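Visitor: Build me a model from this:
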Amino acid sequence: MLYPSIDDLLQKVDSKYLLVTIAAKRAREIQDTKEYYLDRYVSEKNVGKALEEINAGMLTVEKPQIKDSLK
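Guide: Residues are numbered from 1 along each chain as shown. Coordinates of the predicted model:
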């Protein structure tokens, strides 16, 4: 079984497409900076580390506010 599970991750992020985007961006950041948010990881790969950080609540998503300008 994979850790963290997709069901657990989708409780943190509303969309699987958004989840993939966040994980990919964070994985690139880990690759470039070697800065980690957790002390221990199960995964050795950067994408897995990013997913573990999302599951731990270390990464959050802020939804942009859209103005209703079509009145």
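
Visitor: any idea which element residue 52 lies in?
Guide: helix 46-55 (DSSP states H and E).

Visitor: ignore the last one, residue 14
Guide: Going by DSSP H and E, residue 14 is not in any helix or strand.

Visitor: Please tell me how far it sits from residue 41.
Guide: According to Cβ to Cβ, to the nearest Å, residue 14 stands 24 Å off from residue 41. For glycine as for every other residue, the C-beta is placed from the backbone atoms N, C-alpha and C.

Visitor: more crowded one of the two?
Guide: Taking other Cβ atoms under 10 Å, residue 14 and residue 41 do not tie; residue 41 has more neighbours (18 against 11).

Visitor: Please tell me the pLDDT value assigned to the more buried one.
Guide: The per-residue pLDDT reported for residue 41 equals 95.

Visitor: Equivalent analysis for residue 7, please.
Guide: The model reports residue 7 with a pLDDT of 92.
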